[in-house]
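A.B. asks: next one to model:
(chains A, B, C and D)
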Number of protein chains: 2
Amino acid sequence: MPDQVSPSARARVMAAIQATGYTPSALGRNLRSQSTKIVLVVVPNLANPFFAEILRGIDDELVASGYGLVIGNLDNLPDREPRYVDMVFARQVDGVLLFSGRIPEDSGRLMNEAGIPVATVCVKIAGLPYVMVNDGVASAQVMEHLFALGHRRFGFIEGPVGNINAIGRKKGFRKALKKAGLDPDAASYWPGDFMFESGVEAGRQFLALKRRPTAVYAASDHMAIAFMKTVTAAGVQIPEEVSVVGFDGIEFSEFVTPTLTTISQPRHALGRTGTQVLLEALGSDCRPRSVELDAPLLIRESTGPAPKTKRRRA
Amino acid sequence: MPDQVSPSARARVMAAIQATGYTPSALGRNLRSQSTKIVLVVVPNLANPFFAEILRGIDDELVASGYGLVIGNLDNLPDREPRYVDMVFARQVDGVLLFSGRIPEDSGRLMNEAGIPVATVCVKIAGLPYVMVNDGVASAQVMEHLFALGHRRFGFIEGPVGNINAIGRKKGFRKALKKAGLDPDAASYWPGDFMFESGVEAGRQFLALKRRPTAVYAASDHMAIAFMKTVTAAGVQIPEEVSVVGFDGIEFSEFVTPTLTTISQPRHALGRTGTQVLLEALGSDCRPRSVELDAPLLIRESTGPAPKTKRRRA
DNA sequence: CTGAAAGCGCTTACAG
DNA sequence: CTGAAAGCGCTTACAG
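C.D. replies: So this is what the prediction gives:
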């Protein structure tokens, strides 16, 4: 019974199938071409809305190049890593974009050893091309703005321990203090993890201080917003009593009261550029380039002149 | 040169490869098994942070079942649809979760005609299993709360025209008014698209009214928050002069001033349950079930007693 | 119980 | 220029 169809008849059948809207199976093509035209994007925590706009940038660029996008959500759990390492070793994707500060591993086997291109966005990992914002330069902008307003006593809400962005922002903060002739260790530091709750806690610690900073710089908008909410609820005026600066430029920073002065991360561009870097690595064997993007300071209502020092000696 | 390796030697090599951490190629397996263990999730707009938590719910459930997750971002552009329709017809995914009110099509060829299971989340499409919140019941809860506070004059900020959730919420709003003996057409209606800007515009229109509603119900938190920001900036007191209710229960609704009374959508559960419905359809041929989830009303600071009517006849 | 063969659907390289 | 064959890496069904 098989092979009873003549080649020409077969050709006509194929043409008819085409007209009807036949789509060749990707499964055969993938096996034959040894590629899937799919990129794996590994995010530490998909619930973080900060990633949404970056993902859009990634997707825009991938669509333009005919690639698809698989999401690997680590959900901040290390045991989520092996699954995606396996995916890479199984050749289920052509390349990887990493948002995670560490390379996912499966019992010692590292994702980047599978022989497919890997690039990172918003993080730096030795040996891998990256795209990120220069956190030190951003912090310098923030401090320049606060110094110009007359502030001399500062608080800093930190990011997660070991997070490269958090480290860069803090370093920039301390460097600016030193450059201005102030002692970096005289500033108040409150621990944080970029999320709301830690901003609330920082606010409580601020309120408990006898001699409060006149300006607080938070390593994320979420923490800055939760801080503002906490201290204004206790009757503190922003920016009259304390100026607050955030980091990220999330959409909501414009809809809180007062509106938040913050560093605007170019999220769409981070996604697009990161994808471009990866696609270059996919298309050629040339050494991949890394890129640093600028992040402007958006000056809004939450920062103002430093309050006059009230009777230093009573 | 080839085939010079004896079978037993070959076996030993294979064992060694296993020990070294060899991962079978997914490409061969996919072709052979005619499945990819990947689900396509089509979202209308990836930048909307509302989806982030739902995606997490989906991913949690998919990971537990050994499936991967491909994102199809329509970015609210119809010309983004064909790409994902092709993906489905090319058998690149085993199933589809749709967040979009319309079925993506490629020159008349509809995605659901490819013969793979499709389920919808947050939307209803005839013939497809769905998981969503009962918007009518949610609106009834909102109105019950506002009636109990003495409100009789209402404003409603609508969602996108044709959006099934927006329609359900508005229907519930009007039904509650009628049930309370009020004329639904006497309420103020302002157009919206769930996004910030339309809430700002609704706020402007509210401010321009001579006789303002004492309670405003917005079909999304974003619009409610932007509305609050706009009218408080003009000196209107919330909730003393106007009560405001949102819909969604996004994290930020707790960090605006005043905190927002809103319907809390069970986003993680929506994602998980939607995925369960899809996985059931993938695993068996039995008729897929649909599910409606409850969404509680979170009563916060933005709603309060209706203001006393000031000298109706001067 | 073990091992060789067939076949999933494509694409590429080769023969006619 | 056209058409048949080989082979991508797996799994399943079959022969020994």
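
A.B. asks: burial measure for A:Pro24, as a count.
C.D. replies: 12 (other C-beta atoms under 10 Å in any protein chain shown). (Each C-beta comes from the backbone N, C-alpha and C, glycine too.)

A.B. asks: can you tell me the SS state at it?
C.D. replies: For A:Pro24, the assignment made with DSSP: H, G, I helix; E, B strand; the rest coil gives coil.

A.B. asks: so for it, what's the nearest residue that isn't a sequence neighbour?
C.D. replies: B:Ala90 (6.6 Å; C-beta to C-beta, 6 or more residues apart in numbering or on different chains).

A.B. asks: could you say what helices and strands the helix or strand hosting A:Leu146 packs with?
C.D. replies: Assigned by DSSP states H and E, A:Leu146 falls within helix A:135-148. Counting contacts by 3 or more C-beta pairs under 8 Å, 6 or more residues apart in numbering or on different chains; DSSP states H and E, helix A:135-148 is packed against helix A:164-179, strand A:215-218, strand A:243-248, strand A:261-264, strand A:297-298.

A.B. asks: could I get the helix or strand just after it in CSV with only the CA atoms?
C.D. replies: From helix A:135-148 onward toward the C-terminus, using DSSP H and E, the following helix or strand is strand A:154-157. Taking C-alpha atoms only, strand A:154-157 is exported to CSV below (Å, rounded to 0.1, in the frame of the first residue of the first chain):
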residue,chain,number,x,y,z
PHE,A,154,22.4,60.1,55.0
GLY,A,155,20.7,56.8,55.3
PHE,A,156,21.0,53.9,52.9
ILE,A,157,18.6,51.0,52.5
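
A.B. asks: give the rounded mean pLDDT of strand A:154-157.
C.D. replies: Summarised as a single mean, pLDDT over strand A:154-157 is 98.

A.B. asks: which strands and helices sit next to that strand?
C.D. replies: Using 3+ C-beta pairs under 8 Å, 6+ apart, strand A:154-157 sits against helix A:164-179, strand A:188-190, helix A:196-208, strand A:215-218, helix A:221-233.

A.B. asks: ok, the closest residue to chain B within chain A to B:Met143 distance?
C.D. replies: In chain A, the residue that lies nearest chain B is A:Pro49 (3.2 Å; C-beta to the nearest C-beta). Going from A:Pro49 to B:Met143 by C-beta to C-beta, to the nearest Å gives 30 Å.

A.B. asks: so, in contact with chain B or not, stretch A:215-231?
C.D. replies: Yes - under the criterion of C-beta under 8 Å from any C-beta of the partner chain, chain B is reached by stretch A:215-231 at A:225-226, A:229.

A.B. asks: contacting residues around A:Trp190?
C.D. replies: By C-beta atoms under 8 Å, 6 or more residues apart in numbering or on different chains, A:Trp190 lies in contact with A:155-158, A:198, A:201-202, A:205-206.

A.B. asks: go with 6 Å
C.D. replies: Residues in contact with A:Trp190, defined by C-beta atoms under 6 Å, 6 or more residues apart in numbering or on different chains, are A:157, A:202, A:205.

A.B. asks: once you drop chain neighbours, what's closest to the last one?
C.D. replies: By that I understand A:Gln205. Of all residues not flanking A:Gln205 in the chain, A:Trp190 sits nearest, at 5.4 Å (C-beta to C-beta, 6+ apart).

A.B. asks: what does A:Asn112 give?
C.D. replies: A:Val118 (4.6 Å).

A.B. asks: in what helix or strand does the residue in chain A that DNA strand C sits nearest to lie?
C.D. replies: Using C-beta to the nearest atom of the strand, the closest approach of chain A to DNA strand C is made by A:Gly28 at 2.6 Å. Assigned by DSSP H and E, A:Gly28 belongs to helix A:26-33.

A.B. asks: that helix: how far from the chain's middle?
C.D. replies: 34 Å (C-alpha atoms, centre = their mean, to the nearest Å).

A.B. asks: next helix or strand past that helix?
C.D. replies: Criterion used, DSSP H and E; the element after helix A:26-33 is strand A:38-43.

A.B. asks: does that following strand come close to chain B?
C.D. replies: No - Strand A:38-43 lies out of reach of chain B by C-beta under 6 Å from any C-beta of the partner chain, never closer than 7.2 Å.

A.B. asks: past that strand, which element shows up next along the chain?
C.D. replies: helix A:50-64.

A.B. asks: just the pLDDT at A:Glu201, thanks.
C.D. replies: The model's pLDDT for A:Glu201 equals 98.

A.B. asks: touching, the residue nearest to A:Asn112 and A:Ile103? I think so.
C.D. replies: No - in this structure A:Val118 lies outside contact range of A:Ile103 using C-beta atoms under 6 Å: 7.9 Å.

A.B. asks: which residues do these two both contact?
C.D. replies: With C-beta under 6 Å, 6+ apart as the test, A:Val118 and A:Ile103 both reach A:Asn112.

A.B. asks: which one of the two has more residues nearby?
C.D. replies: A:Val118 (24 against 20).

A.B. asks: which strand residues bridge that one?
C.D. replies: Counting by DSSP bridges, A:Val118 is bridged to A:Val96.

A.B. asks: quick one: name the residues of chain A near chain B.
C.D. replies: Of all the residues in chain A, those lying near chain B are A:21, A:23, A:25-28, A:30-31, A:46-47, A:49, A:52-53, A:55-56, A:59, A:68-71, A:73, A:86, A:89-92, A:109, A:225, A:229, A:252, A:255, A:257, going by C-beta under 6 Å from any C-beta.

A.B. asks: mind giving me the ChimeraX select for those, buried ones only?
C.D. replies: Selection of buried members from the residues of chain A next to chain B for ChimeraX, criterion 16 or more other C-beta atoms under 10 Å in any protein chain shown:
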select /A:23,25,26,27,30,31,46,47,49,52,53,55,56,59,68,69,70,71,73,86,89,90,91,92,109,225,229,252,255,257
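
A.B. asks: got the residues of chain A near DNA strand C?
C.D. replies: Counting by C-beta under 7 Å from any atom of the strand, the positions of chain A adjacent to DNA strand C are A:24-25, A:27-29, A:31-33.

A.B. asks: please identify the helix or strand for A:Pro213.
C.D. replies: Counting by DSSP H and E, A:Pro213 is part of no helix or strand.

A.B. asks: who's in contact with the closest residue to it other than its chain neighbours?
C.D. replies: Spatial nearest neighbour of A:Pro213, excluding adjacent residues (C-beta to C-beta, 6+ apart): A:Gly155 at 3.8 Å. A:Gly155 makes contacts with A:188, A:213, A:216, as judged by C-beta under 6 Å, 6+ apart.

A.B. asks: count of residues packed around the residue in the stretch 201-314 of chain A positioned nearest to DNA strand D?
C.D. replies: Residue nearest to DNA strand D within the stretch 201-314 of chain A (C-beta to the nearest atom of the strand): A:Leu282, separated by 18.3 Å. When neighbours are counted by other C-beta under 10 Å, A:Leu282 registers 18.

A.B. asks: what do you get for the one 5 residues further on?
C.D. replies: When counting by other C-beta under 10 Å, one arrives at 8 neighbours for A:Arg287.

A.B. asks: also A:Glu144?
C.D. replies: Neighbour tally, A:Glu144, other C-beta under 10 Å: 14.

A.B. asks: now A:Cys122
C.D. replies: Count around A:Cys122 with other C-beta under 10 Å applied: 26.

A.B. asks: look up how far DNA strand D lies from the residue nearest to it when sequence neighbours are not counted.
C.D. replies: Leaving aside its sequence neighbours, A:Cys122 sits nearest to A:Met132 (C-beta to C-beta, 6+ apart; 5.2 Å). Relative to DNA strand D, A:Met132 is positioned 35 Å away (C-beta to the nearest atom of the strand, to the nearest Å).
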